[in-house]
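Chemist: structure here, sequence nowhere to be found:
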């Protein structure tokens, strides 16, 4: 069938216009921040803070605006996470999130000011790591079995510190208490810094911490390492057993850290940050630093991170219900 010349011309012109429009959209520059970006860390003195300050200058270099790290501790990470959840979703406020405010607190707290799955937009699960069970050397614990025996014999004598209420640092000890059948007083802190300082001073006798928080002190002899919480031993400490090897069958607990934005943040913004973070996390210098901290680099997709958070809410929820743990 032959079209009139005028109609042919119109069709060709329309096709050319559509092609040009598609080409312009494909060539359009990806989103970039237009002012300084806040990275909120809902805890102080921890590997969360270390990771934030490691990636901030890298993001600044990649995206052309200052990235400022702000510590907003309190309520097991809820204060900082809530602040981000109600921020303008324009890509200029980000959250360094971890187990506590994203998964554990959903069950640990009777009331939450936000819903991690609805009010925050995952960008990437950055890193994961098992933890170390460390003790003050003067407490006299020889190994895990001795630790459990002494705690059972004198429960009022011993206490443990954690980086925050509702953190993996807190709930991992509650898991161990339930699995081994002993009692010990919990002393929550606002971050790993003060918790580890008090552990070294002997104000608390034990605690679970990610390697980056305690490695140096163990090497100096100021802390003693009893076990790790992974499925296998750390390559850097091959003589240190896992808790599963130490008599607590199938015991495993993992800490993790990721980057998120407020819900409603445009997909183009999420994509820009995701692509930048994957490049940064896999860059040789950052990867080396993370390896030294015993972190496993993940660099997941936003959907994978969302699915991980949902899984972790269920996993830690079972632990909290089984141990009757509650936020103070």
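Modeler: Looks like it came in fine. Please read these numbers as outputs of a predicted model, since none were measured by experiment.
Chemist: per the record, what domains does the protein have?
Modeler: Listed by the TED database, the domain ranges of the chain are 37-128+255-323, 132-246.
Chemist: for the shortest one, measure first residue to last.
Modeler: Yep, that's domain 132-246 we're talking about. Taking CA to CA, to the nearest Å, domain 132-246 runs 13 Å from one end to the other.
Chemist: roughly how far out does it sit from the chain middle?
Modeler: On the basis of CA atoms, centre = their mean, to the nearest Å, domain 132-246 sits 19 Å off its chain's mean C-alpha point.
Chemist: which residues in the protein form helices?
Modeler: Here the chain has its helices, by DSSP state H, at 5-27, 47-63, 78-85, 99, 105-108, 116-119, 144-153, 168-180, 192-201, 211-219, 267-281, 284-292, 302-323.
Chemist: rewinding a little: okay, the domains of the chain in JSON lines with mean pLDDT and distance to residue 31 next?
Modeler: The way it works is simple: take the backbone N, C-alpha and C, and place the C-beta from them, glycine included. Shown next, in JSON lines, are the domains of the chain (pLDDT from 0 to 100; distance: least, CB to CB, whole Å):
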{"stretch": "domain 37-128+255-323", "mean pLDDT": "95", "distance to residue 31": "4"}
{"stretch": "domain 132-246", "mean pLDDT": "94", "distance to residue 31": "32"}
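Chemist: what would those domains look like in CSV with mean neighbour count?
Modeler: As requested, the domains of the chain are exported to CSV (neighbours: other CB atoms under 10 Å):
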stretch, mean neighbour count
domain 37-128+255-323, 20
domain 132-246, 19
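Chemist: for those domains, which one sits closest to residue 30?
Modeler: Among the domains of the chain, domain 37-128+255-323 comes nearest to residue 30, with 5.3 Å by CB to CB.
Chemist: circling back to that earlier point, got TSV for the domains of the chain, with distance to residue 30 too?
Modeler: Shown next, in TSV, are those (distance: least, CB to CB, whole Å):
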stretch	distance to residue 30
domain 37-128+255-323	5
domain 132-246	32
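Chemist: before we move on, the earlier item: of all the helices of the chain, which one is nearest residue 33?
Modeler: Minimum separation from residue 33 across the helices of the chain (CB to CB) falls at helix 47-63, 5.7 Å.
Chemist: turn the helices of the chain into a markdown table, columns for distance to residue 255.
Modeler: Below are the helices of the chain laid out as a markdown table (distance: least, CB to CB, whole Å):
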| stretch | distance to residue 255 |
| --- | --- |
| helix 5-27 | 40 |
| helix 47-63 | 8 |
| helix 78-85 | 16 |
| helix 99 | 6 |
| helix 105-108 | 15 |
| helix 116-119 | 16 |
| helix 144-153 | 19 |
| helix 168-180 | 4 |
| helix 192-201 | 11 |
| helix 211-219 | 10 |
| helix 267-281 | 16 |
| helix 284-292 | 13 |
| helix 302-323 | 11 |
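Chemist: how far off helix 47-63 does the top strand by length along the chain point, in degrees?
Modeler: Ranked by residue count, the top strand of the chain under DSSP state E comes out as strand 120-130. Strand 120-130 runs at 120 degrees relative to helix 47-63, counting by axes from the mean of the first three to the mean of the last three CA atoms, to 10 degrees.
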